[in-house]
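K.L.:
Turn this into a structure:
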Amino acid sequence: MSTVLFLTRELPYPPNAGDRIVTYGYVRGLAERGHEVHVLTHRSSESAADVAALREYCESIVRVPGDSSRLPPTARKVTRAARKRSDVMAMFDSSAIRTATPRRIAALEPDAVVAQHPYLGQRFRDETVRRAARAAGAALVTNAHVVEYAAHERHREHADDRRTRAELALELPRLRREELAAYRASDLTLVLGAADATRLREQGVGPVSRERVGLEIDAYEPAPLDSDSDRLVFFGSYDWFPNEDAALVFARRVFPRIRAAHPDAELALAGRGATDELRDLGNRPGIEFRGGVDDLESVVRDAAVMVAPLRVGGGIRIKVLESMAWRLPIVTTAQGFEGVEATPGEDLRVADDWDEFVDATVELLEDPDERRHLATNARETIADRYVVDEVAAELEETLGLER
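P.N.:
You can find the predicted model right below:
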């Protein structure tokens, strides 16, 4: 049996957002394979029930306060830029985590310390952490999830307003420098997508290992194969800019074309963290903005097709994997498909441009047999490649853990 300490920005439970799903799968999978798992995290809005549920797989969960700025967002960004700090990285650079990390390493003597993000992996640059890790013989591992600076670069390319582009121009050099420094301070960097692995290796980061996402397949009740719905669905956390961008662009530019070709088409948008601009999309013909929902599965089961019209990629799109697990036919872009181990045309549709996206979506709305074909294959692919125990076994080998 080996001991693993996870550093997370928030409690990785419930597994209802991308990074939580990934980390929860690792925590649960390693615990079920007999390893001793500990979590050090920021205290957030989690309930006692959430902590108790995760504790089933953890020997300990230590929660410490985070440092939150009281400045308005723009003032906060300018202030941190004046200090030559990345706003993204500084957001999770709490004094409590800085103090607690070397203490937990010294107390637990883990075989591996896994940072959920480079935001937490930046702690590996601290000499106190490195000294504690050397004394314990612990490997320092950062899970990239997505290479943040690359995603922000693509965000700047697509941003429509000058203010956003100016803020990103200020942030990007600092984010790139600090993020790469976190990876280089790690003994190992984990990524979820092949493109990110290539990107980091080209920047001299190493070693880099690509890992998969573990889903609890039985937690995803398959959607009915005989649905006569004309509803499309898109879901995600809208405080993550690629999701906000996807929803706005699709609702304004693409969905009207789908509705012109298939007048009964409807679109449901679900997810937390929405701005007023996003909520206003619900005033458009055929669009319902559901916002944060307690039961996402019910929204999914009412849909005929899941659309993932992402223009910014990186890592892997967990929403695509979840929709496959729910046995829902999917239309996505090359960016939405990035990192997914599936076969275009057999498990899902991947469109190269908006014309193809419209055609593929309309075709699926009008062809129940093709919807059934894609959806059945998609769930089988998840059951074959993305189950928790198999993913945990691969991670166990990558981390060099002994059972």
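K.L.:
For the residue nearest to Met91 when sequence neighbours are not counted, give its distance to Val208.
P.N.:
Closest residue to Met91 apart from its sequence neighbours, by C-beta to C-beta, 6 or more residues apart in numbering: Tyr119 at 7.1 Å. In this view, the C-beta of every residue, glycine as well, is placed from N, C-alpha and C. For Tyr119, the distance to Val208 (C-beta to C-beta, to the nearest Å) stands at 18 Å.
K.L.:
what about the two, which has more around it?
P.N.:
Neighbours per residue (other C-beta atoms under 10 Å) separate Tyr119 from Val208, with Tyr119 holding more: 26 against 19.
K.L.:
Can you verify the more buried one is assigned to a helix?
P.N.:
Yes. Tyr119 forms part of a helix when assessed by DSSP: H, G, I helix; E, B strand; the rest coil.
K.L.:
Touching, it and Ala90? I think so.
P.N.:
No. Using C-beta atoms under 8 Å, Tyr119 makes no contact with Ala90, being 9.0 Å away.
K.L.:
rewinding a little: identify the residues contacting the residue nearest to Met91.
P.N.:
Residues near Tyr119 by C-beta atoms under 8 Å, 6 or more residues apart in numbering: Arg9, Val88, Met89, Met91, Phe92, Asp93.
K.L.:
Now a PyMOL select for only the buried ones of these.
P.N.:
Per 16 or more other C-beta atoms under 10 Å, the buried members of the contacts of Tyr119 correspond to this PyMOL selection:
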select buried, resi 9+88+89+91+92+93
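K.L.:
What is the nearest of the contacts of Tyr119 to Asp50?
P.N.:
The closest of these to Asp50 turns out to be Arg9 (C-beta to C-beta; 14.9 Å).
K.L.:
Ramachandran coordinates for that closest one?
P.N.:
Torsion angles at Arg9 (phi, psi; degrees, to the nearest 10) stand at phi -80, psi -20.
K.L.:
What are the neighbouring residues in contact with it?
P.N.:
Arg9 neighbours (C-beta under 8 Å, 6+ apart): Asp19, Thr41, His42, Phe92, Gln116, His117, Tyr119, Leu120.
K.L.:
need the residues you listed in JSON lines with pLDDT and distance to Ala169, can you?
P.N.:
Below are these laid out as JSON lines (pLDDT from 0 to 100; distance: C-beta to C-beta, whole Å):
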{"residue": "Asp19", "pLDDT": "90", "distance to Ala169": "26"}
{"residue": "Thr41", "pLDDT": "96", "distance to Ala169": "33"}
{"residue": "His42", "pLDDT": "93", "distance to Ala169": "29"}
{"residue": "Phe92", "pLDDT": "87", "distance to Ala169": "22"}
{"residue": "Gln116", "pLDDT": "95", "distance to Ala169": "28"}
{"residue": "His117", "pLDDT": "95", "distance to Ala169": "23"}
{"residue": "Tyr119", "pLDDT": "93", "distance to Ala169": "21"}
{"residue": "Leu120", "pLDDT": "96", "distance to Ala169": "26"}
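K.L.:
for these, which one is nearest Arg130?
P.N.:
Nearest member of the contacts of Arg9 to Arg130, counting by C-beta to C-beta, is Leu120, at 14.7 Å.
K.L.:
Using CSV, lay out the contacts of Arg9 together with distance to Val4.
P.N.:
Output for the contacts of Arg9, formatted as CSV (distance: C-beta to C-beta, whole Å):
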residue, distance to Val4
Asp19, 17
Thr41, 14
His42, 19
Phe92, 20
Gln116, 12
His117, 16
Tyr119, 19
Leu120, 14
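K.L.:
how about low-confidence regions in the stretch 201-350 of the chain?
P.N.:
Within the stretch 201-350 of the chain, not a single segment meets pLDDT under 70.
K.L.:
quick one: the helices in it?
P.N.:
Using DSSP state H, counting those that start in this stretch, the helices of the stretch 201-350 of the chain run over 241-249, 255-261, 276-279, 296-301, 318-325, 334-337.
K.L.:
Out of those helices, which one sits most buried?
P.N.:
Burial of the helices of the stretch 201-350 of the chain is given as mean neighbour count (mean count of other C-beta atoms under 10 Å); helix 318-325 ranks first at a mean of 26.
K.L.:
got the contact list for it?
P.N.:
18, 21-22, 213, 215, 217, 220, 235-236, 300, 306, 308, 330, 332, 336-337, 340, 342, 347-348, 378-379, 381-382, 386.
K.L.:
For the helix or strand where Tyr149 lies, C-alpha coordinates in CSV please.
P.N.:
Using DSSP states H and E, the element containing Tyr149 is helix 148-158. C-alpha atoms of helix 148-158 as CSV (Å, rounded to 0.1, in the frame of the first residue of the first chain):
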residue,chain,number,x,y,z
GLU,A,148,-4.1,27.2,-19.1
TYR,A,149,-1.9,29.7,-21.0
ALA,A,150,-2.6,28.0,-24.3
ALA,A,151,-6.4,28.1,-23.6
HIS,A,152,-6.1,31.8,-22.7
GLU,A,153,-4.2,32.5,-25.9
ARG,A,154,-7.1,31.0,-27.9
HIS,A,155,-9.5,33.0,-25.8
ARG,A,156,-7.7,36.2,-26.8
GLU,A,157,-7.9,35.2,-30.5
HIS,A,158,-11.7,34.8,-30.3
